[in-house]
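In: Kindly generate the corresponding structure for this input.
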Amino acid sequence: MNETKKPIAVVAAEAPPRSVKSIYPAALAGRVEGRLKRPLGDLFGLANFGVNQTRLAPGAWSALRHSHARQDEFIYILEGAPTLLTDAGETLLAPGMCAGFKAATGDAHCLINTSDADVVYLEIGDRSPGDAATYPDDDLRAEMGADGKWRMLHKDGTPY
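Out: Next comes the predicted model:
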């Protein structure tokens, strides 16, 4: 057996950052500039759900506003005061607050750091195969392929 040895425990803020900063098309990726994700679940070989510690610099977005077809998501704020943007409007969050986003509801969401200090939060999501995401504010949709990789498409289905 030649499996990489998994750690027993890590300091989350010292975990290696995700190697790819964004999978968004270049024309849309600027909004997440200043976002740093540390994929904690991957360090332990978790297969059923993912956990990221994410840091947003002032002005950065967590993602483009989106909703998932199959993946539930949950966030827990550790530091800072991000603005949660959903179909219901804006909600200011603070450390200790959390929010969840049930799959297939169509309620699009994202965090925006409108403050002058960094925001740090945990994001947890399942890894449902065949997921898709819609982006109501942008000419974008995403589909997860059979290989587990996301394909970014225009709303009309043409690839980016």
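In: I'd like to check what contacts stretch 8-27. Which residues are they?
Out: If you take C-beta atoms under 8 Å, 6 or more residues apart in numbering as the criterion, stretch 8-27 is touched by 29, 32-33, 35-40, 43, 52-53, 64, 120, 140, 150, 152, 160. C-beta here means a position set from N, CA and C on the backbone, and glycine is covered the same way.
In: buried sites along that stretch?
Out: Neighbour counts over stretch 8-27 (16 or more other C-beta atoms under 10 Å) mark Ala15, Ser22, Tyr24 as buried.
In: Mind checking which of the residues you listed land in helices?
Out: Judged by DSSP state H, the buried residues of stretch 8-27 include no members of helices.
In: pLDDT and distance to Gly100 added to those residues, as TSV?
Out: Formatted as TSV, the buried residues of stretch 8-27 follow (pLDDT from 0 to 100; distance: C-beta to C-beta, whole Å):
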residue	pLDDT	distance to Gly100
Ala15	97	23
Ser22	95	24
Tyr24	97	23
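In: okay but Asp87 is in contact with Ala108, surely?
Out: Yes: in this structure Asp87 lies within contact range of Ala108 using C-beta atoms under 8 Å: 6.0 Å.
In: From Tyr160, how far out is Ala27?
Out: Using C-beta to C-beta, to the nearest Å, we find Ala27 at a distance of 8 Å from Tyr160.
In: who touches both of the two?
Out: Here Ala27 and Tyr160 have no joint contacts, going by C-beta under 8 Å, 6+ apart.
In: What strand or helix carries Val120?
Out: In this assignment (DSSP states H and E), Val120 forms part of strand 119-126.
In: Contacts for the next helix-or-strand element following that strand, please.
Out: Of the helices and strands lying after strand 119-126 in sequence (DSSP H and E), the nearest is strand 132-135. With contact meaning C-beta under 8 Å, 6+ apart, strand 132-135 is reached by 64-70, 106, 108, 141-144, 150.
In: Swap in 6 Å and give it another go.
Out: Leu64, His66, Ser67, His68, Ala69, Arg141, Ala142, Glu143 (C-beta atoms under 6 Å, 6 or more residues apart in numbering).
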